[in-house]
Structure formats: C-alpha cells, structure tokens
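**Student:** This is a predicted model, with the sequence first.
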Amino acid sequence: MTALPDDRRSQLLATKLRVLATERWAPEGELVSGSFPAGTTLLDPAAGRAWVLLEEGAERRLGAAMAVATRGGARELHLVVDDPEAAGILARRASLFTDPPSVWRSEGRTLVAVDPAPPAVDLPPAPEAELYRPVLVAAGLDAVVEGGHLLGEYLGLEVARVVVDPDGSAHIEAGVGRFDREVGAMMFAELGETDSVARAVDIVARSRKVDARRHPLNHLVPERWLRAALVADPAVVGAAELRAVGSSLPRGSLGEEGVATAVGVDLDGRPLVVVCSTGVYLDLVPSAADDRLTHSPDARLVLVVPARDAVPVTTELAGRLVRPAEVHPIAGDWRTPGGLG
C-alpha cells in the first residue's frame, strides 16, 4: 500500500480528531486545529479544552501534549490513542499528575476511556548472567541491570552485554549496540571473552572523553554519561549512594531520546530516585515519575539536567505531579573530572 503524503495524512488525522471530539463534546466556540509530531491537536478556546490525537510513540508524548495544552490555555486535556498498549501506559503516566489528562481509545466514532496499565517491572538478570558481573567490573565497566539484562557500561555507554542462550548458558558480547556486537563477534573472534571486552573498552575509552575529536562515541546517550558521573559522585545531588537502574520504558536504540535513572538514599537516609536528562526532553517529567513508580513509589524524585536545559516547562510539570519532583540543574560539565560543580 502506498503511504499517504504527510500533508494528506495530517488532514485525515485532523478530520478524525474533530469528528471524535464533536461527537462526544458540544463545542462552545470555534475549534482550532494544530500540528503535532505523529499526531494532531484540537483546541476549544471558549471551553478551555484541548484534544491531542497521538500515533507512533504515543506512550512517550505525554509531556509534549501537556505542554501544548498549557500553551493553548487549556484547563482540560484529552488524549486519543488507537494502540491499546500505548494507551494503557499513557493513562498510567497521566494518573501521576494532580490534574490528569483523560486518555481515550477510539472505536469507530466512539471514544472509550482507558484504564492505567499496571506499574512496569524492571526484571533482574538470570543467575547465569550474574556470574559475569566480576568480569565486567574487572574490565573497568559499570555493571548495570536493565530490563532483565546485565550490561557493562563505560561512562554510560554500553560496551558489553551478557547474553543468556536458550540452553541456559551465558556469554559476553562486546560492542556498542546490537549491530556493533554482531560486528564485534567477527572482529574479536580470535580473542577470548575477557580480551574482546578489553579491546572494546580500549576503543571506546579513546573517544568517550570531552577533549576527543568529534565522534559518535562521545555523543551517544549523554544522559547516561551524566548518570554515571552522579553514581560516582552522589553527594552532588544530596545522595549518600546511587546505583543505575532500568527505565519503565527501555529505549529501542541508542539514538532514541530518553532518560537515565538511578536509585539510592539521600543524606538523611530517605529513599531517592534520580532521573537524568540532557537537552530539552519534554517527556522527562512523565518518564521520571513512571520510573519512580517502578522502583520506589514513595521516594523523593530529583530531576537532574544541565543548567542550560532547565527550562520552565520542566519545573512547571514537576510541580504538577501528585508527589512533586525537584529540579536540580548542573552548572558544570559532567564529562570532565570534577565538572559536576
């Protein structure tokens, strides 16, 4: 089937949302359509009501939708999603706010209210994988558990992963990302597991530093690099200790936007969840609140961003959570020793 041109697709989405909205609500004034990445928006300024129809990646777009509604002066926000799984996740994230947007799934011309999905679970790795933790640490890597996998990270960048085979045996694959690990398996075929990891670490270490020549290895997943710096120096954010954990929505690739989360205790011994982000990532607050729900629902939540990225929308959304979050800007360069400030 031939894909529709973008402008035609946008028109169809706008028409669909307008029909769904007017079928259920009686507009109090002229409705205003707007654009939205992988979706469309509709605003009833007289009623202070906004609708956002979300397609691809809907579960990661709550923050952007709330920002659009706020900018349009809406006091009431309705999100329309077709994908049942994404709708449930979106409803779960929405429920963490004091003024939760309503989430609906469309069935023809009818909107059906969506219940929140259960909290996500960050699974532990298999016991066979845990046997390799000392190997990762000995190679100078941070051992990180995420989504049931044991990873070896160098300054936040995955360099090795312990893979458990169907027969229950485990082995280490070296490389940055799945395709690089496949290449690494060929490049390092003559080396043992320990040597192949050491070779991969050496390659990454030469580029993942602030004074290295421009290279993808020192630009990938910067928020995980920031997290690694905080785990090494937790007192910067008032923590006694921190350890990296997985997110409620694991990223699909190294190029995707996302957050990096750590859990621990603060200097008073209270449970703490710290979530790192770089750039202006509009879904930071919903993602962080969802990660707290996964790991420690009653913990303090601290959002750590570079000072230049501490934009008002982040602080505003953090204050609208049922359990508000604190925003902690980092003035220094986390990529340099002692740069956290």
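**Tutor:** Okay, I see it.
**Student:** Pop out the phi and psi values for the nearest residue to Leu96 once chain neighbours are set aside.
**Tutor:** Taking Cβ to Cβ, 6 or more residues apart in numbering as the measure, Leu96 lies nearest to Ala289, with 4.3 Å between them; neighbours along the chain are not counted. Just so you know, the C-beta spots here come from the backbone N, C-alpha and C atoms, and that holds for glycine as well. Per-residue torsions, Ala289: phi -60, psi -40 (degrees, to the nearest 10).
**Student:** ditto for the one 3 residues further on
**Tutor:** In this entry, Arg292 is assigned phi and psi values of phi -60, psi -40 (degrees, to the nearest 10).
**Student:** For it, grab the count of nearby residues.
**Tutor:** Applying other Cβ atoms under 10 Å, we find 27 other residues in the vicinity of Arg292.
**Student:** wait, what's in contact with it?
**Tutor:** Contacts here follow Cβ atoms under 8 Å, 6 or more residues apart in numbering; on that basis Arg292 touches Val273, Val275, Ala299, Leu301, Arg323.
**Student:** Only the buried members of these: can you turn that into a ChimeraX selection?
**Tutor:** In ChimeraX, the members of these classed as buried (16 or more other Cβ atoms under 10 Å) are selected with the following command:
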select :273,275,299,301
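**Student:** Of the contacts of Arg292, which is the nearest to Ile203?
**Tutor:** Val275 (29.5 Å; Cβ to Cβ).
**Student:** wait, the closest one sits on Asp290?
**Tutor:** No. The pair formed by Val275 and Asp290 falls short of the contact definition of Cβ atoms under 8 Å, at 9.6 Å.
**Student:** Contact partners for the residue nearest to Leu96?
**Tutor:** Ala289 makes contacts with Arg93, Leu96, Phe97, Leu301, Leu321, Arg323, Ala325, as judged by Cβ under 8 Å, 6+ apart.
**Student:** measure the second one to Ala288 for me?
**Tutor:** Going back to what we said before, that points to Leu96. In this view, Leu96 and Ala288 are 10 Å apart by Cβ to Cβ, to the nearest Å.
**Student:** Tell me which of those two has more neighbours.
**Tutor:** Per other Cβ under 10 Å, whichever of Leu96 and Ala288 has more neighbours is Ala288, with 30 against 21.
**Student:** before we move on, the earlier item: would you list the contacts of Ala289 in JSON lines and tack on distance to Thr70 and pLDDT?
**Tutor:** What follows is the contacts of Ala289, written out as JSON lines (distance: Cβ to Cβ, whole Å; pLDDT from 0 to 100):
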{"residue": "Arg93", "distance to Thr70": "16", "pLDDT": "98"}
{"residue": "Leu96", "distance to Thr70": "17", "pLDDT": "98"}
{"residue": "Phe97", "distance to Thr70": "12", "pLDDT": "98"}
{"residue": "Leu301", "distance to Thr70": "20", "pLDDT": "98"}
{"residue": "Leu321", "distance to Thr70": "15", "pLDDT": "98"}
{"residue": "Arg323", "distance to Thr70": "20", "pLDDT": "97"}
{"residue": "Ala325", "distance to Thr70": "17", "pLDDT": "98"}
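**Student:** JSON lines please, covering the residues you listed and showing secondary structure and distance to Val313.
**Tutor:** Compiled in JSON lines, the contacts of Ala289 are given as follows (DSSP: H, G, I helix; E, B strand; the rest coil; distance: Cβ to Cβ, whole Å):
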{"residue": "Arg93", "secondary structure": "helix", "distance to Val313": "16"}
{"residue": "Leu96", "secondary structure": "coil", "distance to Val313": "17"}
{"residue": "Phe97", "secondary structure": "strand", "distance to Val313": "14"}
{"residue": "Leu301", "secondary structure": "strand", "distance to Val313": "17"}
{"residue": "Leu321", "secondary structure": "strand", "distance to Val313": "14"}
{"residue": "Arg323", "secondary structure": "coil", "distance to Val313": "19"}
{"residue": "Ala325", "secondary structure": "coil", "distance to Val313": "13"}
